[in-house]
Each structure stands twice: as C-alpha cells, then as structure tokens.
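# Can you look at this prediction? I've put the sequence above it.
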Amino acid sequence: METGVFPVDSFIEPNGKNIKEVKLLIEAVMNLVVDHAANSESHPPLLPDFTEQLFDKFSLDGVPIKELLLQLETILKYSMNPLTPTYMGHMDSIPTLISCLSEFVTTALNNNMLSFEMSPVFSKMEVQVLQQLTQMFGLGRNAGGVITSGGSLANLQALAVARNSILQVKENGLTSLTKQPVILVSEASHTSLHKAAMLLGIGTSSIIPVQSNLHSQMDTQDLERKIPILIQEGKQPFAVVATAGTTVTGSIDPLLPISEITKKHGIWLHVDAAYGGALVFSKKYKSLLSGIEQADSITFNPQKWMYVAKTCAMVLFKNRDLLERDFRISAPYMNETEFTNLGEISVQGTRHADILKLYLSLQHIGLKGYENLINQSFLFAKEFTSQVKKRSYLELSGESNTNICCFRLFLKEYQQKQQDQLNLKLQQFLLKNQNVFLSLPTYRGKRWLRAVLLNPFISPLTIQQIFEKIDEFYIEHCNDQSLIK
Ligand SMILES: Cc1ncc(COP(=O)(O)O)c(C=O)c1O
C-alpha cells in the first residue's frame, strides 16, 4: 500500500510496519480514558447545561490526531458519568475493567456472530456460556439462547417465539387468525413489551395490563380473573410476561404462582429478568427468583447488575428446539456446519461479539465476587430505605425486592401538582449542590425520586450526605424541622 494515502495510524497494519504509531495512539487514548475514569468521582453524574457546540465543526478534511484527542477530552467531559457513586438515577452500572478491555479485543478482531465460520471461537463461547446460565436459572438440559443488543430485543424475540410456537404463525402470519392474540403483563412492566407487540403485528392493544399490588408486584388474582374474561371476549391470551426487577421500583412478580396459572391455561410464560436475573449469582437472594425455572423464556441483561459494559443482554429458552423450529430462518449462502449459525436464530444478523466481556467478567470476578457485589448493593439499599423511613416527610413507593429505592417528598397540605414540582426541585437541588443524580420517574400518576444502588463504591457516608442535603432542602422549602426524626 502506498504511504500517505491515509494517516499512518488508520489501521493496525498486518505487517507490523506502523506498530510504533499504533501503540502511541492507543496509549494516548487509554491515558485519556483511564485518567477520566479514575477521577470520575470529581465529575458530575450529568451536566445539565451541556451547551457547547461540539459537533458543528465536524470536518471531513482529515483531522490530525492531536485535534481528535482534544475532541475526545470534550466528549469525556460532557458524557453522562455512571462511574461516580453518586450516579444513582438509572440501571447504568460502572463497567468491569475487563469488559471494557474486551471491547477492544472484539472490535480489533472484528469477528461476526452471524455465522460460525465468521466467529468460530465466539459462537461456541456464546452457546456454552448461555447454556451454563440456563442451568443456573434451572431451565433444564434442553435450554439455550442467544445474546441480544439489549433487553428490548430479547423481549421481542421471546414474544416472537412464543407467538410462533403457540399460534403457529411462522409461515402464514397473522391473517389466518380468527381470535385476537393478547399478552398479559403487569402494569409495572417495561414499555419494550408494547414495542414488541407493535413490531410483532399484534398491536399495542394486545398488551393487557394486570393490576399490581402496593409493592408493584403482579396481582395474581387479577391475572386469574382476566384470563377467562379475555377468552370469553373471543381473544386468545398466548403469553404472560412476569417481571423480575421492575424498572421503576425493582419489584419481583410472584413467579411461582404465575407459572401455575400459565401452566393451567397452556399459556407461554416469559420472565423479563433484565434487571433481577443477576440474583441467581447470590446464594442469599436467589430464592427471590423462585419459579423462574418454570419460565418458557427469560430476558437477562448482564449490562445492568452484572456490571458488564453495554450492550450485553440475552434471551434464554427452556426448549431450545423451539428457537430452531419456530424462529430460525436458514441462510443457505452460509457454509453448512453442524453448528447452527447464530444469525439464523436471532433477530440480528451481523452482530458484535458481546459474549467475550461477559465470559471474561464472569471468570475474573467469579461467583464469589458477584455474590459480594450483589449482597453489598442490598445493604446500600437497606440503609438508603431506612433513611427514607426515618423521615415522615418522605414517602416510599413500596417495599422493593432489590436494590432500588423509589420515594418522594410528600407534604399532605400540598396539591398533587405542587408535590410533583417539589420533587422535581429536590432532584435538581441534589444534582446542583451535591452531584447526586436520582431519576424522576412518573409512576402511578405521580413523580417519584428513584435511587438505584448499584455502584460498589457507594459508602455509608455517601448515603448520609445525600440525606443531610435532602433535610437541608426540606428545611429551606418546607420549613418544619419537627418532621425530621
Ligand atoms: C425490566 C426491563 N426490561 C427490559 C428493559 C429494556 O432493556 P434495554 O434498555 O436493554 O433494551 C429494561 C430497561 O431498563 C428493563 O428495566
């Protein structure tokens, strides 16, 4: 290749000629990133006043590396910062270092999960690691699954297999159906299920909400009641989705009773354990998932509570053969092997090898390490929740089953709208004055503050200081010290 046609460090040259320039560039980028991450406690979790016109000078004239490194510095500065322990707003965790490094390995190798020949190592790794996880969930010997780019795709694929398997519509589509297919989900379930219904051609109206109790868990009596009513109305309930770790409150639906109901009616049970699936790694808390072994399919996102860099999610099936029978579209242009090309049994074709970061994180951190991380985050949540309970001006949304605390400032004499405004103000106050980011979900028609206590570097002092600030806000705005015990 003629030199000077493109920058010398554009590629890692296969003949090793530019190794010096390559290593210099890698070192420069690594230094920037590592210095930023190792100092992330002193950066705010969010920069609400992001006004810099970063991308309007976008140039296609060949920008020197020095300039690109300067741009990277700005990008690091203004990016959302889930690394700091005071980022508590969402299920975004600090990533394991090995998962970040894995990304470099997989992108440098640039294999393709579409087929076995294009990713022989990673394809086998994915099948074997996922099979081990299916065993941990108790799905049995015939289980298997695929990695997906996030939980939404996992839910979509689970419901596609459920639809094809129960309604037998893989070939002829929905036109032959005489009854409207419907899916029952708790009212606290994730919106990706509506998206899935829309994409599956059964429409968002096919999602039937089941009531949830005070602690945001599916009310099984309401589920039992609704199924025969739907059937009477001429509809066909073909799937129930239970959630293990609801998005707002971290609640876990009663999986075992739900599985008994689905079994009785011959309905597919999908468990959206995008968040709570991580509990299989904790001996102490695993029983919270009791009943998940009865699921026909499970969504699990290690990108959340397993601290694996995004994206890393999966859909698992109790009977892997259904994935082959009711979902697989063969690609005859691929070399035939005994090994199923993963691109034929997943929504995505070309796909990144997300499995490596999970595989390396599991081995590096180990069962014990993950168990400690999970158990510790329960302790943080317990402490956080007890601080809420100590203050009569704060209200809990309910008891969470996991490490999420959803609460709000509640003053009886305030109208609903004023309460919502006050909580918005408190959220902004914490962000501005203490770099604490809590999210502000609307739930049951009200605004709440939500803390997801994921970061292993949270300390008791972090929690104490947050509540001192909340007290300060309360005294400043509501001026009644007697409500603080
Ligand atoms: C319970 C639950 N299911 C599914 C999803 C969707 O996952 P993703 O954002 O990875 O698509 C989320 C996201 O937070 C979730 O909380």
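Alright, I've got the coordinates.
# Need the distance between the two termini of stretch 138-151.
20 Å (CA to CA, to the nearest Å).
# Wondering if that stretch reaches the ligand at all.
Yes: for a cut-off given as CB under 6 Å from any ligand atom, stretch 138-151 has contacts with the ligand, namely 150, 151. No exception for glycine: its C-beta is placed from N, CA and C like everyone else's.
# from now on call the first residue 471
New numbering, starting at 471: the last item is stretch 608-621.
# Quick check: mean pLDDT of that stretch?
Here stretch 608-621 scores 98 as its mean pLDDT.
# If you drop the residues flanking it in sequence, what lies closest to residue 608?
Distance criterion CB to CB, 6 or more residues apart in numbering; nearest residue to residue 608, sequence neighbours excluded, is residue 763 at 3.0 Å.
# Can you give me every residue that contacts that neighbour?
Contact analysis of residue 763 by CB atoms under 8 Å, 6 or more residues apart in numbering lists 607, 608, 609, 610.
# What about those residues, which one has the most neighbours?
The member of the contacts of residue 763 surrounded by the most neighbours (other CB atoms under 10 Å) is residue 609, with 25 neighbours in all.
# Quick one: residues contacting the residue nearest to residue 744 when sequence neighbours are not counted.
Counting by CB to CB, 6+ apart, the nearest residue to residue 744 once its immediate chain neighbours are dropped is residue 621, at 3.6 Å. Taking CB under 8 Å, 6+ apart as the criterion, residue 621 is in contact with 660, 662, 742, 744, 769, 771, 783.
# Show me where the stretch 721-870 of the chain has its helices.
Chain-ordered helices for the stretch 721-870 of the chain, with DSSP state H, counting those that start in this stretch as the definition, fall at 725-735, 790-796, 825-859.
# Make TSV from the ones you listed and add mean neighbour count, distance to residue 602 and mean pLDDT to it.
Compiled in TSV, those are given as follows (neighbours: other CB atoms under 10 Å; distance: least, CB to CB, whole Å; pLDDT from 0 to 100):
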stretch	mean neighbour count	distance to residue 602	mean pLDDT
helix 725-735	18	21	98
helix 790-796	18	14	97
helix 825-859	18	9	98
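# Output stretch 474-493 in PDB with nothing but the alpha carbons.
Once non-C-alpha atoms are left out, stretch 474-493 reads as follows in PDB (Å, rounded to 0.1, in the frame of the first residue of the first chain):
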ATOM      1  CA  GLY A 474       0.500   8.900   2.600                       C
ATOM      2  CA  VAL A 475      -2.900   7.900   1.100                       C
ATOM      3  CA  PHE A 476      -4.400   7.900   4.500                       C
ATOM      4  CA  PRO A 477      -3.000   8.600   8.000                       C
ATOM      5  CA  VAL A 478      -0.300   6.100   9.100                       C
ATOM      6  CA  ASP A 479      -2.300   5.100  12.200                       C
ATOM      7  CA  SER A 480      -5.500   4.500  10.400                       C
ATOM      8  CA  PHE A 481      -5.200   0.700  10.800                       C
ATOM      9  CA  ILE A 482      -3.000  -1.700  12.800                       C
ATOM     10  CA  GLU A 483      -1.100  -2.700   9.700                       C
ATOM     11  CA  PRO A 484      -1.000  -6.500   9.200                       C
ATOM     12  CA  ASN A 485       2.800  -6.400   8.500                       C
ATOM     13  CA  GLY A 486       3.500  -4.600  11.800                       C
ATOM     14  CA  LYS A 487       5.100  -1.700  10.000                       C
ATOM     15  CA  ASN A 488       3.300   1.000  12.000                       C
ATOM     16  CA  ILE A 489       3.400  -0.700  15.400                       C
ATOM     17  CA  LYS A 490       5.100   2.300  17.000                       C
ATOM     18  CA  GLU A 491       2.500   4.800  15.800                       C
ATOM     19  CA  VAL A 492      -0.300   2.400  16.800                       C
ATOM     20  CA  LYS A 493       1.000   1.900  20.300                       C
END
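# and which of the contacts of residue 763 is nearest to the ligand?
residue 607 (15.8 Å; CB to the nearest ligand atom).
# which parts of the stretch 521-670 of the chain sit against the ligand?
For the stretch 521-670 of the chain, the residues found near the ligand under the criterion CB under 6 Å from any ligand atom are 561, 620, 621, 622, 625, 660, 662.
# Apply 5 Å and report the result again.
620, 621, 622, 660, 662 (CB under 5 Å from any ligand atom).
# Would you check which pair of the residues you listed lies furthest apart?
Of all pairs drawn from these, the greatest distance, 11.1 Å, lies between 620 and 660 (CB to CB).
# of these two, who's got more company?
For residue 620 against residue 660, the residue with the higher neighbour count under other CB under 10 Å is residue 660, and the figures read 23 against 18.
# element containing the more buried one?
Secondary structure assignment for residue 660, by DSSP states H and E: no helix or strand.
# which SS class is the closest residue to it other than its chain neighbours?
Residue nearest to residue 660 in three dimensions, not counting chain neighbours: residue 717, with 5.3 Å by CB to CB, 6+ apart. Here residue 717 is coil, with the state taken from DSSP: H, G, I helix; E, B strand; the rest coil.
# wait, what's in contact with residue 717?
Contact criterion CB under 8 Å, 6+ apart gives 561, 658, 660, 745, 911 as the residues in contact with residue 717.
# which one is the last one nearest to, not counting chain neighbours?
Right, residue 911. residue 718 (4.9 Å).
# could you redo the contacts of residue 763 as a markdown table and give each row secondary structure?
A markdown table is the format used below for these (three-state DSSP):
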| residue | secondary structure |
| --- | --- |
| 607 | coil |
| 608 | coil |
| 609 | coil |
| 610 | coil |
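# domains of the protein?
If you go by automatic domain parsing, the domain ranges for the chain are 471-551, 574-831, 836-953.
# Dump the residues of the stretch 521-670 of the chain next to the ligand into a markdown table; add secondary structure as well.
Below are those laid out as a markdown table (three-state DSSP):
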| residue | secondary structure |
| --- | --- |
| 620 | coil |
| 621 | helix |
| 622 | helix |
| 660 | coil |
| 662 | helix |
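# Between those, which sits nearest residue 806?
Ranked by distance to residue 806 (CB to CB), those are led by residue 620 at 30.6 Å.
# what sits against the closest one?
When contacts are counted by CB under 8 Å, 6+ apart, residue 620 touches 771, 773, 780, 781, 783.
# now do 7 Å
Listed by CB atoms under 7 Å, 6 or more residues apart in numbering, the contact set of residue 620 reads 781, 783.
# Helix or strand: which one has residue 666?
helix 662-669.
# in that helix, what's buried?
Of all the residues in helix 662-669, those buried under the rule 16 or more other CB atoms under 10 Å are 662, 663, 664, 665, 666, 667.
# If you count contacts, what does that helix end up packed against?
In this structure, helix 662-669 packs against helix 621-637, strand 650-656, strand 677-680, with contacts taken as 3 or more CB pairs under 7 Å, 6 or more residues apart in numbering; DSSP states H and E.
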